[in-house]
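A.B. asks: Show me the folded form of this:
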Amino acid sequence: MILVTGATGFLGSELVRQLVLQGKPVRAIKRTTSVVPPVLTTTGSIDWRDADLLDHYAMEEAMEDVTEVYHCAAMVSFRSEDKKAMLRVNVEGTASLINICLRNNIRKLVHASSVSAVGNSKNGQYTSENDHWQFSRNESNYSISKYESEMEVFRGIAEGLSAVIVNPSIIIGKNAGKRGSGQLFEVVKEGLRFYPGGTCGIVDVEDVAAIMIRLMASDIETERFILNSENVSYRDLFTAIANGYGLLPPKYPLKQWVLKSGFLASSLARLITGKELGITKEITRSAFKTSRYSNEKITKALNTRFKPVSESILEICRA
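C.D. replies: Residues are numbered from 1 along each chain as shown. The predicted structure is shown next:
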């Protein structure tokens with residue numbers, strides 16, 4: 001039996017879909033308040049279990065007869081007030097899952113992390129698995145939580161667990177909806193005039209899920225792999241999205257001080273009205289950061305061919 005945590009999430013649901021289509025028995029974990037995404041409502045037989053990652057006893061029960069685990073469950077937030085909750089879910093939840101895996105002698109675990117847990121490259125080189133994460137005042141709370149969750153996986157490896165870690169860049173796909181990376185498409189669709197000066201890595205969710213399944217089936221263990229199709233500037237990304245919708249692309253560069261003033265306005269508005277307007281210091285920094293990632297290691301290990309970003313964008317716009 002295969003267990004997938006975070007099965008109702010964007011990545012988790014795609015992973016479950018591919019596993020079921022391959023005829024594999026899947027036990028999918030969700031919280032009682034979670035809604036099964038449409039992509040899985042018409043998929044074949046899935047053994048759904050209600051279990052919070054922090055509910056140790058529920059997770060132990062869900063792990064009965066499980067031999068392989070895909071750990072996709074995580075909390076994503078860039079709000080400072082969510083730090084404590086995010087560390088509990090991402091770090092304590094992962095630690096608890098690792099302990100259960102060790103007691104149950106599972107065959108293998110594939111852990112979905114993020115490029116935010118990889119270190120920054122030196123001298124303008126592409127970031128690779130050899131760049132080690134270092135704490136700094138500019139690291140996001142999400143980055144900290146993902147790095148510490150990886151440390152729990154490596155702790156499990158030291159105690160005898162067979163495991164592999166994947167570090168995807170920004171994951172896009174037609175089933176993202178209006179959340180997560182889907183927000184990038186939504187803001188362009190609503191009419192975007194400005195673009196920030198940063199660069200980011202992009203990868204299709206179908207590729208991430210397929211690679212995780214191939215890594216599970218392989219003899220590879222105790223390794224981590226950056227999953228990234230292409231590195232693109234936000235200008236080129238937003239232009240491609242606008243073209244996909246048949247809209248005019250943004251043509252004005254966004255000044256960093258404007259976005260920072262937007263963060264200040266958002267903070268004041270939240271203080272006065274209690275409403276979250278979505279701009280944070282961490283988002284402001286990332287919008288102007290040049291991030292470029294190497295996919296050389298996974299390409300060589302599995303002879304991987306990634307879907308072009310342009311193709312993914314067109315699929316999403318059509319959907």
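A.B. asks: Please state the backbone phi and psi of I2?
C.D. replies: The phi and psi values for I2, taken as degrees, to the nearest 10, are phi -100, psi 130.
A.B. asks: which ones are touching the spatially closest residue to it that is not a sequence neighbour?
C.D. replies: Leaving aside its sequence neighbours, I2 sits nearest to E68 (Cβ to Cβ, 6 or more residues apart in numbering; 4.8 Å). (Each C-beta comes from the backbone N, C-alpha and C, glycine too.) For E68, the contact set (Cβ atoms under 8 Å, 6 or more residues apart in numbering) comprises 1-3, 106-110, 216.
A.B. asks: pLDDT on the helix or strand hosting R235, on average?
C.D. replies: Applying DSSP states H and E as the criterion places R235 in helix 234-245. The pLDDT scores in helix 234-245 average 93.
A.B. asks: cool, and stretch 117-131?
C.D. replies: Rounded mean pLDDT across stretch 117-131 is 85.
A.B. asks: Which positions in that stretch come out as buried?
C.D. replies: Across stretch 117-131, burial judged by 16 or more other Cβ atoms under 10 Å covers 117-118, 121, 126-127, 129, 131.
A.B. asks: again with stretch 146-165
C.D. replies: The neighbour-count check on stretch 146-165 (16+ other Cβ under 10 Å) flags 146-150, 152-154, 156-157, 161-165 as buried.
A.B. asks: circling back to that earlier point, report the two of the buried residues of stretch 117-131 separated the most.
C.D. replies: A117 and Y126 (16.5 Å; Cβ to Cβ).
A.B. asks: before we move on, the earlier item: so in terms of bridging, what pairs with the residue nearest to I2?
C.D. replies: I2, K108 (DSSP bridges).
A.B. asks: quick check: mean pLDDT across stretch 139-149?
C.D. replies: Per-residue scores along stretch 139-149 average to 89.
A.B. asks: Quick check, S218 in contact with L302.
C.D. replies: Yes. Proximity of S218 to L302 meets the contact threshold set by Cβ atoms under 8 Å, at 7.3 Å.
A.B. asks: Pretty sure K289 sits against G201.
C.D. replies: No. Using Cβ under 8 Å, K289 makes no contact with G201, being 11.3 Å away.
A.B. asks: who's more crowded, these two?
C.D. replies: Neighbour totals were compared for K289 and G201, and G201 leads with 25 against 14 (other Cβ atoms under 10 Å).
A.B. asks: Let me know the pLDDT of the more buried one.
C.D. replies: pLDDT, G201: 94.
A.B. asks: quick one: it and V309, what's the gap?
C.D. replies: Separation of G201 from V309 (Cβ to Cβ, to the nearest Å): 10 Å.
A.B. asks: again, but for T43
C.D. replies: For T43, the distance to V309 - Cβ to Cβ - is 26 Å.
A.B. asks: can you check L102 too?
C.D. replies: Taking Cβ to Cβ, one finds L102 at 38 Å from V309.
A.B. asks: the more surrounded of those two?
C.D. replies: V309 (20 against 15).
A.B. asks: backbone phi and psi for that one, please?
C.D. replies: Dihedral angles for V309 - degrees, to the nearest 10 - are phi -60, psi -40.
A.B. asks: Checking V91 next. Helix, strand or coil?
C.D. replies: Look at V91: counting by DSSP: H, G, I helix; E, B strand; the rest coil, its state is helix.
A.B. asks: contacting residues around it?
C.D. replies: 145, 148-149, 152.
A.B. asks: Return the closest of the residues you listed with respect to D207.
C.D. replies: Distances from D207 to the contacts of V91, taken by Cβ to Cβ, are shortest for S149, at 22.0 Å.
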